[in-house]
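> Sequence and predicted structure below; questions after.
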Amino acid sequence: MRAVSYRIESDFPLASDGLPADVFTRHDSDRSAAIAMAIEGVDDPKKQEVRVVRVGTGEVVWRSTDASYATR
């Protein structure tokens, strides 16, 4: 069985002063870590949507602009 992995997506440029640039292009097996890195990738996640997507299915598992995702 293939391990689940996640990637970060946004329509905005992703960058962080505290994280290396490659964190926004690699796949991560830890969903919580991917969410934390996604939040760091944009200046204002409430206005600049950033998403964490399950690799393989394309399912969006977290979205910064959707209130229903904030509690998951």
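Good, I have the coordinates.
> switch to C-alpha atoms for all contacts and neighbour counts from now on
Noted.
> mind checking how far the closest residue to Thr65 other than its chain neighbours is from Ala15?
Take Thr65 and drop its neighbours on the chain: the residue closest to it by C-alpha to C-alpha, 6 or more residues apart in numbering is Lys46, 5.1 Å away. Using C-alpha to C-alpha, to the nearest Å, Lys46 is found at 16 Å from Ala15.
> Those two: which has the busier surroundings?
Between Lys46 and Ala15, counted using other C-alpha atoms under 10 Å, Ala15 has the larger neighbour count: 18 against 14.
> if you skip the residues just before and after it, what's nearest to that one?
Nearest residue to Ala15 in three dimensions, chain neighbours excluded: Gly41, at 4.8 Å (C-alpha to C-alpha, 6+ apart).
> The one you found touches Leu14, doesn't it?
Yes: assessed by C-alpha atoms under 8 Å, Gly41 is found in contact with Leu14 at 4.6 Å.
> which of the two has more neighbours?
Gly41 (26 against 20).
> Below-threshold pLDDT in the protein: ranges please.
Within the chain, the ranges that satisfy pLDDT under 70 run 1-2, 68-72.
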